[in-house]
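Chemist: sequence unavailable; structure follows:
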Ligand SMILES: O=c1ccn([C@@H]2O[C@H](COP(=O)(O)OP(=O)(O)O[C@H]3OC[C@@H](O)[C@H](O)[C@H]3O)[C@@H](O)[C@H]2O)c(=O)[nH]1
């Protein structure tokens, strides 16, 4: 009994007698695949799929993350600087800035194909310039998140978007970090009128330096394109008129306006360092003296001061010898350019 249980010789014997492996057919796997493809018109479906994919990739050739040629890091420094005074910015087409440029030289979006809306954060979006920019972005179909601490911005400037699913408003000071998933960042947050930015100079420079650092950090983390609204004041008390973007200015680091001028100069430096060092796609717009609807009556800039004084039938106050000059721009023209 014990020896029967242990003995396995008869099992091996049986198996070897009955096993006769099939001869290996070299083309078996290929013919199986071909037969599978031809069954139930699967081949037709594959070909139709390839045709649809080809069509889709031809219609949407460019990736949004692609950098514009003017930002290529191997170009000489001055050629690679992507800042443009607002007066010169319209040389870049709207389509180019949307990333449709490379495969679509006419810049036209084919009929029947709607552009996919971008997710955009606008810091200072409840302010005078910011709110006009928000109107424009919403009108072209983008989703906008406004970040504002309401120091000079006002809810009334963006109230008409409340209830729009493409609009969000966050009360937040950019000197504190913020994490959002966005495609583009328009960084406008900072008081721009001399009266307002001189009110708390330390806060002004902190907003420009720490606030810009925070927003550039966000751009780097989420791969968003970044636009800094800078100022004509980076030229200081310029010795060249009109100022070219290559002019470095005649600046004063210790004056009463330096909190803003030097703050914006540092913000430009940070922007370019994030571009060169971290590959962030950036724009810098040096805005000159802007005026238009939603400007506060107490803004303190010359246009609103003169208008307010004229309405009150008071004499206009001209500071200094009155020989100073400025480039003025209507706000809706400005937001078309940025
Ligand atoms: O009531 C006034 C106000 C201003 N001015 C003068 O008008 C000129 C323009 O002054 P504004 O207060 O409008 O402002 P500035 O042009 O100096 O700077 C402004 O424009 C450029 C932007 O980048 C800045 O952010 C913004 O503050 C100055 O020479 C100023 O002294 C007057 O003569 N009377």
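Modeler: Structure's in. What do you need? Everything numeric here is computed off the predicted structure, so don't read it as measured data. Numbers count the residues shown, from 1 in each chain.
Chemist: all helices for the stretch 51-200 of the chain, in order.
Modeler: Assigned helices in the stretch 51-200 of the chain, in chain order: 77-80, 94-97, 128-139, 194-197 (criterion: DSSP state H, counting those that start in this stretch).
Chemist: name the nearest residue to residue 211, sequence neighbours excluded.
Modeler: residue 174 (3.5 Å; Cβ to Cβ, 6 or more residues apart in numbering). No exception for glycine: its C-beta is placed from N, CA and C like everyone else's.
Chemist: my read is that that neighbour contacts residue 123, right?
Modeler: Yes. Counting by Cβ atoms under 8 Å, residue 174 sits close enough to residue 123 to count as a contact (5.2 Å).
Chemist: any idea how far the residue nearest to residue 211 is from residue 315?
Modeler: Distance check for residue 174 against residue 315: by Cβ to Cβ, to the nearest Å, it reads 39 Å.
Chemist: who has more neighbours out of these two?
Modeler: More neighbours sit around residue 174 than around the other of residue 174 and residue 315, counting by other Cβ atoms under 10 Å; the figures are 25 against 8.
Chemist: quick one, what contacts the more buried one?
Modeler: Contact partners of residue 174, counting by Cβ atoms under 8 Å, 6 or more residues apart in numbering, are 123, 147, 149, 187, 189, 207, 210, 211, 212, 214, 215.
Chemist: in which helix or strand would I find residue 36?
Modeler: Per DSSP states H and E: residue 36 is located in helix 28-38.
Chemist: neighbouring contacts of that helix?
Modeler: Under the contact criterion Cβ under 8 Å, 6+ apart, helix 28-38 has outside partners 42, 43, 46.
Chemist: so what pLDDT did the nearest residue to the first one once chain neighbours are set aside get?
Modeler: Among residues not flanking residue 42 along the chain, residue 36 sits closest, at 7.0 Å (Cβ to Cβ, 6+ apart). On the pLDDT scale, residue 36 is placed at 78.
Chemist: what is the neighbour count of residue 36?
Modeler: The local packing of residue 36 (other Cβ under 10 Å) involves 11 other residues.
Chemist: how much space between it and the ligand?
Modeler: The span separating residue 36 from the ligand equals 69 Å under the rule Cβ to the nearest ligand atom, to the nearest Å.
Chemist: with residue 188 instead?
Modeler: In this structure, residue 188 and the ligand are separated by 11 Å, where distance is defined by Cβ to the nearest ligand atom.
Chemist: is that residue in contact with residue 133, as I believe?
Modeler: Yes. Between residue 188 and residue 133 there is a contact under Cβ under 8 Å: 7.2 Å.
Chemist: can you show me the helices along the stretch 201-338 of the chain?
Modeler: So, for the stretch 201-338 of the chain - with DSSP H, counting those that start in this stretch - the helices run 201-206, 212-222, 258-278, 302-311, 331-337.
Chemist: what are the contacting residues of the longest one?
Modeler: Applying Cβ under 8 Å, 6+ apart, the set of residues contacting helix 258-278 from outside is 71, 73, 81-83, 190, 192, 194, 197-198, 201-202, 204-205, 207-209, 212-213, 216, 219-220, 226, 228, 230-231, 233-234, 236, 251-253, 255, 280-282, 284.
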